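> below are the sequence and a predicted model for it; my questions follow.
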Amino acid sequence: MEESVIKMLKVVNIKKKYGEFEVLKDISFEIKKGTIYGFLGPNGSGKSTTMNILSGLIDFNGGEIYLGGENFKKNKRRLLKKVGYLPQDPVFYNYMNANEYLHFIGEISNMTEKNIRERTIEILEIVKLTEPAKRKIGQYSGGMKQRLGIAVALFNKPEIVFLDEPTSALDPEGRMEILEFIKKLKSEGTTVFMSTHILSDIERVCDHVSILDKGKILVSDNLENLKNKYIQPIFDIEFEKPCAKLDSILLNFRWVESVLIRENKASIYVNNLEIAKSELLKFLVQGENTILSYELRKSNLEDIFIRLVNENENL
Ligand SMILES: Nc1ncnc2c1ncn2[C@@H]1O[C@H](COP(=O)(O)OP(=O)(O)OP(=O)(O)O)[C@@H](O)[C@H]1O
Ligand SMILES: [Mg+2]
């Protein structure tokens, strides 16, 4: 009993195949009630596939899902009432206005006429679409459509909401609005699972993050731990010419953790800052390749992401 109170969602070894192609390979994670969980991964890593499975749109080939402690597959119809979903590319009927569209959503959710009317007014207010609600959806901007998609996802007051790239179509101001809104959902007790490419969005709102690559979860941790564990000093060096072979030489030093080379730029992750400060430049100037710039910085979530995905690439 207690377990179900704490864990809103538990995903255990989910597998998904399209023909021979394994899109998801034993995905496991848990989401605590009332938290915001970020799902980060490059294009094609399997984020939307995971979300489609969790919102009951597609089936899976192995593993278990528990929602509020109950088996998802066995109680799917009932449990889906607790779930809201914003797909990556929501499809609307452009000839309808927002009022009509939300009415339609309420009807297919079997809500009463009175509840539909009240909830429509309420949710339009929440996503700030009250004023344009009588205009045709076809005339909405990307941001307005995104907010309408969120209104649809929240229409039945879900306990957990899956948001697939909720901010990707938006300008910075629109993104901030949606992120503030997501934080508000959390403060009201709604659990949020959101996928994104935008790392700063994760840093801004998420409590917990999983990094997905090629259908596998590379790390899963709370944001604080992740930063403490993976954040390292990085030296960014720019050379005049490409520096392709530099990594194999640098990796011989014990104080070098990993090296990322992109043409004439190298990012060198070190585990001993003091030694690196005194040794790195000394070593580099011995080479033939002229150094154009040399900079020390602290890694952020983006660096962690790029490094982990790169390491996975080289496995
Ligand atoms: N219906 C399908 N049939 C075959 N392969 C599919 C199908 N749907 C998705 N895939 C493949 O599964 C992989 C994961 O796709 P998915 O859409 O889940 O990735 P994603 O992480 O959401 O990517 P993006 O960041 O681009 O949205 C991709 O290689 C994709 O081509
Ligand atoms: Mg996707």
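All right, it came through fine. Ligands and ions are numbered 1, 2, ... in the order given.
> by proximity to ligand 2, which residue of this protein wins?
residue 48 (3.2 Å; Cβ to the ion). Quick note: C-beta positions are derived from backbone N, CA and C, even for glycine.
> which pLDDT value belongs to that residue?
On pLDDT, residue 48 comes in at 96.
> quick one: it is in a helix?
Yes - per DSSP: H, G, I helix; E, B strand; the rest coil, residue 48 lies within a helix segment.
> my understanding was that it contacts residue 163; is that so?
No - between residue 48 and residue 163 there is no contact under Cβ atoms under 8 Å: 11.4 Å.
> which neighbours do those two share?
residue 195 (Cβ atoms under 8 Å, 6 or more residues apart in numbering).
> hang on, the earlier thing: burial count for the residue of the chain closest to ligand 2?
Counted with other Cβ atoms under 10 Å, the neighbours of residue 48 add up to 20.
> could you do residue 178 as well?
Neighbours around residue 178, by other Cβ under 10 Å: 22.
> ok, now which ones touch it?
Contacts of residue 178 by Cβ under 8 Å, 6+ apart are 146, 147, 150, 166, 167, 170.
> try residue 45
212, 213, 214, 215.
> try residue 127
Here residue 127 is in contact with 147, 148, 150, 151, 154, 181 (criterion: Cβ under 8 Å, 6+ apart).
> now the contacts of residue 45 in JSON lines, with neighbour count, distance to residue 118 and pLDDT?
Formatted as JSON lines, the contacts of residue 45 follow (neighbours: other Cβ atoms under 10 Å; distance: Cβ to Cβ, whole Å; pLDDT from 0 to 100):
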{"residue": "212", "neighbour count": "24", "distance to residue 118": "39", "pLDDT": "93"}
{"residue": "213", "neighbour count": "21", "distance to residue 118": "44", "pLDDT": "92"}
{"residue": "214", "neighbour count": "18", "distance to residue 118": "46", "pLDDT": "93"}
{"residue": "215", "neighbour count": "22", "distance to residue 118": "42", "pLDDT": "95"}
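> list buried residues within the contacts of residue 178.
Among those, those classed as buried by 16 or more other Cβ atoms under 10 Å are 146, 147, 150, 166, 167, 170.
> quick one: the residues you listed as a markdown table, columns for pLDDT and secondary structure too.
Shown next, in a markdown table, are those (pLDDT from 0 to 100; DSSP: H, G, I helix; E, B strand; the rest coil):
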| residue | pLDDT | secondary structure |
| --- | --- | --- |
| 146 | 89 | helix |
| 147 | 90 | helix |
| 150 | 93 | helix |
| 166 | 92 | coil |
| 167 | 88 | coil |
| 170 | 81 | coil |
